[in-house]
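[1] The following block contains a protein sequence and its predicted model.
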Amino acid sequence: MSRFWSRVVSALTPYVPGEQPKIANLIKLNTNENPYPPSPQVLTAIQAELGVDAARLRLYPDPNADQLKAAVAKLHGVTAQQIFVGNGSDEVLAHIFMALLKHERPILFPDITYSFYPVYCGLYGVDYRTVPLADDFSIDPADYTQPNGGIIFPNPNAPTGRLLALEAIEQILAANPNSVVVVDEAYVDFGGISAISLVDRHDNLLVVHTLSKSRSLAGLRVGFAVGHPALIEALERVKNSFNSYPLDRLAIVGAVAALEDARHFERTRQAVIATRNTLTAELQALGFEVLPSAANFIFARHPQHDAAKLAQALRDRSIIVRHFKLPRIDQFLRITVGTDAECKALTQALRDILG
Ligand SMILES: Cc1ncc(COP(=O)(O)O)c(C=O)c1O
(Lines give C-alpha, C1' and ligand atoms only; values in the text may rest on other atoms or scores of the structure.)
Protein backbone atom coordinates (compact mmCIF):
# COMPACT_ATOMS: atom_id res chain seq x y z
CA MET A 1 0.00 0.00 0.00
CA SER A 2 1.25 3.47 -0.78
CA ARG A 3 -0.34 6.90 -0.84
CA PHE A 4 0.60 7.06 -4.53
CA TRP A 5 -1.64 4.16 -5.48
CA SER A 6 -4.88 4.85 -7.29
CA ARG A 7 -8.09 3.58 -5.75
CA VAL A 8 -8.31 1.00 -8.55
CA VAL A 9 -4.89 -0.44 -7.76
CA SER A 10 -5.56 -0.56 -4.03
CA ALA A 11 -8.68 -2.65 -4.66
CA LEU A 12 -7.04 -5.19 -7.02
CA THR A 13 -6.60 -8.88 -6.20
CA PRO A 14 -3.98 -9.88 -8.79
CA TYR A 15 -3.65 -13.32 -10.35
CA VAL A 16 -0.90 -15.49 -8.88
CA PRO A 17 0.83 -17.35 -11.72
CA GLY A 18 2.24 -20.82 -11.15
CA GLU A 19 5.70 -20.81 -9.74
CA GLN A 20 8.69 -20.64 -12.13
CA PRO A 21 11.42 -21.79 -9.75
CA LYS A 22 15.06 -21.02 -10.44
CA ILE A 23 16.18 -24.37 -9.02
CA ALA A 24 17.90 -26.81 -11.41
CA ASN A 25 16.91 -30.48 -11.87
CA LEU A 26 13.35 -29.95 -10.86
CA ILE A 27 10.51 -31.96 -12.37
CA LYS A 28 8.16 -29.14 -13.17
CA LEU A 29 4.56 -30.31 -13.56
CA ASN A 30 2.82 -27.20 -12.24
CA THR A 31 2.05 -24.77 -15.09
CA ASN A 32 0.80 -26.90 -17.99
CA GLU A 33 3.71 -26.15 -20.27
CA ASN A 34 4.46 -28.62 -23.05
CA PRO A 35 7.31 -30.99 -22.11
CA TYR A 36 8.57 -31.00 -25.71
CA PRO A 37 10.41 -28.16 -27.47
CA PRO A 38 8.62 -26.19 -30.19
CA SER A 39 9.05 -27.00 -33.88
CA PRO A 40 12.68 -26.49 -34.99
CA GLN A 41 11.20 -24.26 -37.72
CA VAL A 42 10.44 -21.70 -35.01
CA LEU A 43 14.11 -21.16 -34.27
CA THR A 44 14.96 -21.06 -37.98
CA ALA A 45 12.28 -18.40 -38.57
CA ILE A 46 13.41 -16.31 -35.60
CA GLN A 47 17.05 -16.49 -36.71
CA ALA A 48 16.06 -15.49 -40.23
CA GLU A 49 14.08 -12.54 -38.87
CA LEU A 50 17.06 -11.43 -36.81
CA GLY A 51 19.38 -11.73 -39.83
CA VAL A 52 23.11 -11.26 -39.37
CA ASP A 53 23.00 -7.83 -37.78
CA ALA A 54 19.53 -7.82 -36.23
CA ALA A 55 19.01 -4.51 -38.02
CA ARG A 56 15.32 -5.21 -38.50
CA LEU A 57 14.77 -4.89 -34.76
CA ARG A 58 15.19 -1.15 -35.38
CA LEU A 59 11.76 -1.16 -36.96
CA TYR A 60 8.39 -1.60 -35.31
CA PRO A 61 6.62 -4.86 -36.10
CA ASP A 62 3.44 -5.02 -38.18
CA PRO A 63 0.77 -3.68 -35.78
CA ASN A 64 -1.82 -6.01 -37.37
CA ALA A 65 0.45 -9.08 -37.55
CA ASP A 66 -1.09 -9.81 -40.96
CA GLN A 67 1.29 -12.69 -41.62
CA LEU A 68 0.15 -14.42 -38.43
CA LYS A 69 -3.52 -13.75 -39.12
CA ALA A 70 -3.07 -15.29 -42.56
CA ALA A 71 -1.52 -18.42 -41.02
CA VAL A 72 -4.35 -18.76 -38.47
CA ALA A 73 -6.96 -18.15 -41.21
CA LYS A 74 -5.48 -20.88 -43.39
CA LEU A 75 -5.23 -23.35 -40.53
CA HIS A 76 -8.78 -22.85 -39.28
CA GLY A 77 -10.61 -22.07 -42.54
CA VAL A 78 -11.70 -18.55 -41.54
CA THR A 79 -10.94 -15.07 -42.85
CA ALA A 80 -8.36 -12.63 -41.44
CA GLN A 81 -11.27 -10.34 -40.45
CA GLN A 82 -12.43 -13.05 -38.05
CA ILE A 83 -9.11 -13.12 -36.17
CA PHE A 84 -7.62 -11.08 -33.35
CA VAL A 85 -4.06 -11.76 -32.15
CA GLY A 86 -2.45 -10.79 -28.87
CA ASN A 87 0.44 -11.17 -26.46
CA GLY A 88 -0.59 -14.54 -25.08
CA SER A 89 -4.21 -15.52 -24.72
CA ASP A 90 -4.20 -13.78 -21.34
CA GLU A 91 -3.94 -10.45 -23.13
CA VAL A 92 -6.61 -11.50 -25.63
CA LEU A 93 -8.87 -12.45 -22.71
CA ALA A 94 -8.19 -9.13 -20.95
CA HIS A 95 -9.34 -7.21 -24.03
CA ILE A 96 -12.41 -9.46 -24.29
CA PHE A 97 -13.47 -8.62 -20.72
CA MET A 98 -13.09 -4.92 -21.45
CA ALA A 99 -14.59 -4.88 -24.93
CA LEU A 100 -17.36 -7.49 -24.86
CA LEU A 101 -18.18 -8.58 -21.31
CA LYS A 102 -18.58 -5.28 -19.47
CA HIS A 103 -22.33 -4.71 -19.47
CA GLU A 104 -25.15 -3.99 -17.03
CA ARG A 105 -25.82 -7.62 -16.21
CA PRO A 106 -23.31 -9.91 -14.51
CA ILE A 107 -21.37 -12.31 -16.69
CA LEU A 108 -21.44 -16.04 -15.90
CA PHE A 109 -18.59 -18.49 -15.50
CA PRO A 110 -18.17 -21.79 -13.61
CA ASP A 111 -17.34 -21.73 -9.89
CA ILE A 112 -14.30 -23.86 -10.65
CA THR A 113 -12.43 -22.42 -13.61
CA TYR A 114 -9.44 -20.41 -14.79
CA SER A 115 -8.71 -18.16 -11.83
CA PHE A 116 -7.76 -15.21 -14.03
CA TYR A 117 -11.42 -14.55 -14.96
CA PRO A 118 -12.40 -12.96 -11.63
CA VAL A 119 -9.14 -10.99 -11.72
CA TYR A 120 -10.09 -9.37 -15.05
CA CYS A 121 -13.50 -8.64 -13.59
CA GLY A 122 -11.78 -6.84 -10.72
CA LEU A 123 -9.52 -4.87 -13.06
CA TYR A 124 -12.28 -3.74 -15.42
CA GLY A 125 -15.20 -3.53 -12.99
CA VAL A 126 -17.13 -6.36 -14.62
CA ASP A 127 -19.90 -7.80 -12.45
CA TYR A 128 -19.97 -11.61 -12.40
CA ARG A 129 -21.85 -14.58 -11.01
CA THR A 130 -20.31 -18.02 -10.69
CA VAL A 131 -22.30 -21.08 -11.77
CA PRO A 132 -21.54 -24.24 -9.77
CA LEU A 133 -20.25 -27.17 -11.77
CA ALA A 134 -22.23 -30.41 -11.36
CA ASP A 135 -21.05 -32.89 -8.70
CA ASP A 136 -18.96 -34.69 -11.32
CA PHE A 137 -17.33 -31.31 -12.16
CA SER A 138 -18.99 -31.08 -15.57
CA ILE A 139 -20.65 -27.96 -17.00
CA ASP A 140 -24.43 -28.31 -17.43
CA PRO A 141 -25.63 -26.09 -20.33
CA ALA A 142 -29.05 -25.80 -18.65
CA ASP A 143 -27.37 -23.71 -15.93
CA TYR A 144 -26.53 -21.02 -18.50
CA THR A 145 -30.06 -19.87 -19.30
CA GLN A 146 -30.34 -17.14 -16.65
CA PRO A 147 -30.10 -13.49 -17.78
CA ASN A 148 -26.46 -12.45 -18.16
CA GLY A 149 -24.06 -9.92 -19.68
CA GLY A 150 -21.92 -12.63 -21.27
CA ILE A 151 -20.58 -16.13 -20.65
CA ILE A 152 -17.03 -17.45 -20.50
CA PHE A 153 -15.58 -20.89 -19.79
CA PRO A 154 -12.54 -22.88 -20.84
CA ASN A 155 -13.10 -26.03 -22.87
CA PRO A 156 -11.63 -28.34 -21.71
CA ASN A 157 -12.20 -26.63 -18.38
CA ALA A 158 -9.24 -25.72 -16.20
CA PRO A 159 -8.22 -27.03 -13.74
CA THR A 160 -10.60 -29.99 -14.09
CA GLY A 161 -9.64 -31.03 -17.64
CA ARG A 162 -13.26 -31.98 -18.37
CA LEU A 163 -14.54 -31.48 -21.90
CA LEU A 164 -17.92 -30.10 -22.94
CA ALA A 165 -19.32 -31.50 -26.22
CA LEU A 166 -19.85 -29.11 -29.14
CA GLU A 167 -23.60 -29.82 -29.04
CA ALA A 168 -23.71 -28.53 -25.45
CA ILE A 169 -21.84 -25.38 -26.53
CA GLU A 170 -24.39 -24.87 -29.32
CA GLN A 171 -27.14 -25.18 -26.72
CA ILE A 172 -25.53 -22.39 -24.66
CA LEU A 173 -25.11 -20.25 -27.80
CA ALA A 174 -28.72 -20.76 -28.84
CA ALA A 175 -30.03 -19.92 -25.36
CA ASN A 176 -28.01 -16.69 -25.27
CA PRO A 177 -28.34 -14.98 -28.66
CA ASN A 178 -27.83 -11.54 -27.09
CA SER A 179 -24.72 -12.38 -25.08
CA VAL A 180 -21.19 -13.04 -26.21
CA VAL A 181 -20.18 -16.60 -25.35
CA VAL A 182 -16.41 -16.96 -25.01
CA VAL A 183 -14.94 -20.45 -25.27
CA ASP A 184 -11.35 -20.46 -24.03
CA GLU A 185 -9.75 -23.38 -25.88
CA ALA A 186 -6.26 -23.18 -24.37
CA TYR A 187 -6.13 -26.99 -24.11
CA VAL A 188 -8.47 -28.14 -26.88
CA ASP A 189 -5.73 -29.70 -29.03
CA PHE A 190 -5.17 -32.39 -26.40
CA GLY A 191 -8.55 -34.02 -26.81
CA GLY A 192 -11.36 -31.74 -27.91
CA ILE A 193 -12.89 -30.49 -31.15
CA SER A 194 -12.61 -26.75 -31.64
CA ALA A 195 -15.73 -24.60 -31.61
CA ILE A 196 -14.10 -22.48 -34.34
CA SER A 197 -16.20 -24.59 -36.73
CA LEU A 198 -19.28 -22.86 -35.24
CA VAL A 199 -18.26 -19.20 -35.63
CA ASP A 200 -19.84 -18.78 -39.07
CA ARG A 201 -23.21 -19.88 -37.68
CA HIS A 202 -23.12 -17.95 -34.38
CA ASP A 203 -22.30 -14.24 -34.36
CA ASN A 204 -22.15 -14.32 -30.54
CA LEU A 205 -19.35 -16.90 -30.33
CA LEU A 206 -15.72 -16.01 -29.67
CA VAL A 207 -13.13 -18.80 -29.47
CA VAL A 208 -9.75 -18.15 -27.84
CA HIS A 209 -6.57 -20.11 -28.53
CA THR A 210 -3.01 -20.01 -27.28
CA LEU A 211 0.30 -21.20 -28.71
CA SER A 212 1.57 -21.72 -25.15
CA LYS A 213 0.38 -25.30 -24.76
CA SER A 214 0.02 -27.49 -27.86
CA ARG A 215 2.59 -25.43 -29.83
CA SER A 216 5.13 -25.38 -26.96
CA LEU A 217 5.52 -21.59 -27.10
CA ALA A 218 4.61 -20.34 -23.62
CA GLY A 219 7.82 -18.30 -23.71
CA LEU A 220 6.92 -16.44 -26.91
CA ARG A 221 3.52 -15.14 -25.72
CA VAL A 222 1.07 -15.57 -28.59
CA GLY A 223 -2.67 -16.10 -28.47
CA PHE A 224 -5.62 -15.37 -30.75
CA ALA A 225 -9.40 -15.15 -30.88
CA VAL A 226 -11.72 -16.19 -33.71
CA GLY A 227 -15.24 -14.84 -34.13
CA HIS A 228 -17.57 -12.58 -36.08
CA PRO A 229 -15.79 -9.50 -37.56
CA ALA A 230 -17.90 -7.21 -35.34
CA LEU A 231 -16.52 -8.92 -32.20
CA ILE A 232 -12.99 -8.74 -33.61
CA GLU A 233 -13.40 -5.03 -34.36
CA ALA A 234 -14.29 -4.43 -30.69
CA LEU A 235 -11.04 -6.12 -29.65
CA GLU A 236 -9.01 -4.12 -32.19
CA ARG A 237 -10.50 -0.92 -30.80
CA VAL A 238 -9.34 -1.80 -27.28
CA LYS A 239 -5.94 -3.03 -28.48
CA ASN A 240 -5.35 0.18 -30.43
CA SER A 241 -6.24 2.18 -27.34
CA PHE A 242 -3.72 0.25 -25.25
CA ASN A 243 -0.70 -1.08 -27.20
CA SER A 244 -0.56 -1.07 -30.99
CA TYR A 245 2.28 -3.61 -31.14
CA PRO A 246 1.44 -6.47 -28.77
CA LEU A 247 3.40 -8.99 -30.85
CA ASP A 248 7.05 -8.35 -31.58
CA ARG A 249 8.80 -9.35 -34.80
CA LEU A 250 10.20 -12.58 -33.37
CA ALA A 251 6.86 -13.65 -31.92
CA ILE A 252 5.09 -13.11 -35.24
CA VAL A 253 7.49 -15.17 -37.35
CA GLY A 254 7.95 -17.82 -34.65
CA ALA A 255 4.20 -18.29 -34.26
CA VAL A 256 3.70 -18.59 -38.02
CA ALA A 257 6.42 -21.27 -38.23
CA ALA A 258 4.86 -23.21 -35.36
CA LEU A 259 1.39 -23.14 -36.91
CA GLU A 260 2.79 -24.29 -40.25
CA ASP A 261 4.58 -27.34 -38.86
CA ALA A 262 1.67 -29.77 -38.78
CA ARG A 263 3.88 -32.84 -38.39
CA HIS A 264 5.66 -31.59 -35.28
CA PHE A 265 2.33 -30.48 -33.80
CA GLU A 266 0.74 -33.86 -34.41
CA ARG A 267 3.70 -35.84 -33.10
CA THR A 268 4.05 -33.87 -29.86
CA ARG A 269 0.36 -33.66 -29.07
CA GLN A 270 -0.08 -37.39 -29.63
CA ALA A 271 2.88 -38.03 -27.33
CA VAL A 272 1.27 -35.91 -24.60
CA ILE A 273 -2.07 -37.69 -25.03
CA ALA A 274 -0.42 -41.13 -24.83
CA THR A 275 1.50 -40.16 -21.69
CA ARG A 276 -1.66 -38.71 -20.13
CA ASN A 277 -3.44 -42.02 -20.64
CA THR A 278 -0.58 -44.01 -19.09
CA LEU A 279 -0.27 -41.57 -16.18
CA THR A 280 -4.02 -41.73 -15.53
CA ALA A 281 -3.95 -45.54 -15.37
CA GLU A 282 -0.92 -45.53 -13.07
CA LEU A 283 -2.45 -43.02 -10.68
CA GLN A 284 -5.68 -44.98 -10.62
CA ALA A 285 -3.67 -48.08 -9.73
CA LEU A 286 -2.28 -46.10 -6.77
CA GLY A 287 -5.82 -45.40 -5.58
CA PHE A 288 -6.28 -41.90 -7.03
CA GLU A 289 -9.57 -40.73 -8.43
CA VAL A 290 -8.72 -39.05 -11.75
CA LEU A 291 -11.20 -36.84 -13.58
CA PRO A 292 -11.48 -37.62 -17.31
CA SER A 293 -9.09 -35.17 -18.97
CA ALA A 294 -9.02 -33.80 -22.50
CA ALA A 295 -6.12 -31.48 -21.60
CA ASN A 296 -2.35 -31.70 -21.05
CA PHE A 297 -2.90 -32.03 -17.31
CA ILE A 298 -4.90 -34.23 -15.03
CA PHE A 299 -6.87 -33.41 -11.90
CA ALA A 300 -6.70 -36.13 -9.27
CA ARG A 301 -7.41 -36.77 -5.60
CA HIS A 302 -6.58 -39.58 -3.24
CA PRO A 303 -9.36 -40.57 -0.83
CA GLN A 304 -6.89 -41.33 1.99
CA HIS A 305 -4.24 -38.64 1.53
CA ASP A 306 -4.44 -34.90 1.97
CA ALA A 307 -3.62 -33.08 -1.27
CA ALA A 308 -1.58 -30.28 0.34
CA LYS A 309 0.56 -32.84 2.15
CA LEU A 310 1.05 -34.84 -1.03
CA ALA A 311 2.09 -31.70 -2.92
CA GLN A 312 4.61 -30.89 -0.18
CA ALA A 313 5.97 -34.46 -0.11
CA LEU A 314 6.45 -34.30 -3.89
CA ARG A 315 8.15 -30.93 -3.59
CA ASP A 316 10.54 -32.43 -1.01
CA ARG A 317 11.47 -34.86 -3.80
CA SER A 318 11.97 -32.00 -6.32
CA ILE A 319 8.68 -32.56 -8.15
CA ILE A 320 6.26 -29.66 -8.29
CA VAL A 321 2.56 -29.94 -9.07
CA ARG A 322 -0.24 -27.40 -8.52
CA HIS A 323 -2.49 -27.41 -5.50
CA PHE A 324 -5.32 -24.87 -5.18
CA LYS A 325 -6.50 -24.00 -1.67
CA LEU A 326 -10.04 -23.38 -2.95
CA PRO A 327 -13.49 -24.65 -1.97
CA ARG A 328 -14.51 -27.99 -3.57
CA ILE A 329 -11.06 -28.67 -5.04
CA ASP A 330 -8.65 -28.40 -2.10
CA GLN A 331 -8.21 -32.19 -2.08
CA PHE A 332 -7.13 -32.28 -5.73
CA LEU A 333 -3.73 -32.00 -7.36
CA ARG A 334 -3.37 -30.63 -10.86
CA ILE A 335 -0.56 -32.46 -12.55
CA THR A 336 0.83 -31.34 -15.91
CA VAL A 337 1.58 -34.20 -18.28
CA GLY A 338 5.35 -34.25 -18.68
CA THR A 339 7.58 -36.58 -20.64
CA ASP A 340 7.26 -40.32 -20.00
CA ALA A 341 10.37 -40.17 -17.81
CA GLU A 342 9.01 -37.26 -15.74
CA CYS A 343 5.67 -38.98 -15.22
CA LYS A 344 7.43 -42.19 -14.26
CA ALA A 345 9.46 -40.27 -11.66
CA LEU A 346 6.21 -38.78 -10.36
CA THR A 347 4.43 -42.12 -9.96
CA GLN A 348 7.56 -43.63 -8.39
CA ALA A 349 7.68 -40.76 -5.86
CA LEU A 350 3.97 -41.15 -5.10
CA ARG A 351 4.37 -44.88 -4.58
CA ASP A 352 7.12 -44.05 -2.11
CA ILE A 353 5.03 -41.38 -0.32
CA LEU A 354 1.85 -43.48 -0.12
CA GLY A 355 3.91 -46.32 1.37
C1 LIG B 1 -7.72 -21.77 -19.40
C2 LIG B 1 -6.56 -20.92 -19.75
N3 LIG B 1 -6.72 -19.88 -20.56
C4 LIG B 1 -5.71 -19.07 -20.89
C5 LIG B 1 -4.44 -19.29 -20.40
C6 LIG B 1 -3.35 -18.31 -20.75
O7 LIG B 1 -2.44 -18.77 -21.65
P8 LIG B 1 -1.39 -17.82 -22.35
O9 LIG B 1 -1.53 -16.44 -21.78
O10 LIG B 1 -0.06 -18.42 -22.08
O11 LIG B 1 -1.74 -17.85 -23.81
C12 LIG B 1 -4.19 -20.36 -19.56
C13 LIG B 1 -2.84 -20.57 -19.02
O14 LIG B 1 -2.53 -21.44 -18.28
C15 LIG B 1 -5.28 -21.20 -19.21
O16 LIG B 1 -5.12 -22.21 -18.36
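    Perfect, thanks for sending it. Numbers count the residues shown, from 1 in each chain.
[2] rest of the way, CA atoms for contacts and neighbours
    Fine.
[3] Show me what from the stretch 51-200 of the chain comes close to the ligand.
    Those residues of the stretch 51-200 of the chain that sit near the ligand, judged by Cα under 6 Å from any ligand atom, are G88, S89, D90, Y114, P154, A158, D184, A186.
[4] Would you confirm that S89 contacts G223?
    Yes. S89 lies in contact with G223 (Cα atoms under 8 Å); the separation is 4.1 Å.
[5] Overlap in contacts, the two.
    V208, H209, T210 (Cα atoms under 8 Å, 6 or more residues apart in numbering).
[6] Can you name the residues bridging to the last one?
    Put plainly, it is T210. Judged by DSSP bridges, the bridge partners of T210 are G223.
[7] and A258, how many residues sit next to it?
    Neighbours of A258 under the rule other Cα atoms under 10 Å: 24.
[8] pretty sure it is in contact with T44, am I right?
    No. Counting by Cα under 8 Å, A258 does not reach T44; the two are 10.7 Å apart.
[9] Excluding residues flanking it in the chain, which one is nearest L163?
    Of all residues not flanking L163 in the chain, P156 sits nearest, at 4.3 Å (Cα to Cα, 6 or more residues apart in numbering).
[10] which among the shared contacts of S89 and G223 gets closest to the ligand?
    The nearest member of the shared contacts of S89 and G223 to the ligand, counting by Cα to the nearest ligand atom, is T210 at 4.3 Å.
[11] returning to that earlier point: can you lay out the shared contacts of S89 and G223 as TSV showing distance to I273 and pLDDT?
    Formatted as TSV, the shared contacts of S89 and G223 follow (distance: Cα to Cα, whole Å; pLDDT from 0 to 100):
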residue	distance to I273	pLDDT
V208	21	99
H209	18	98
T210	18	98
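[12] how close does the closest residue to L286 other than its chain neighbours sit to A313?
    Spatial nearest neighbour of L286, excluding adjacent residues (Cα to Cα, 6+ apart): R351 at 7.1 Å. Distance from R351 to A313, counting by Cα to Cα, to the nearest Å: 11 Å.
[13] Which parts of the chain are helices?
    7-11, 40-50, 66-76, 88-100, 117-124, 166-175, 229-239, 249-260, 262-285, 307-316, 340-354 (DSSP state H).
[14] can you give me how far the fourth one is from the chain middle?
    In this case it means helix 88-100. Distance of helix 88-100 from the chain centroid (Cα atoms, centre = their mean, to the nearest Å) equals 12 Å.
[15] N34 touches F190, doesn't it?
    No. Using Cα under 8 Å, N34 makes no contact with F190, being 10.9 Å away.
[16] which residues are common contacts for the two?
    S214, N296.
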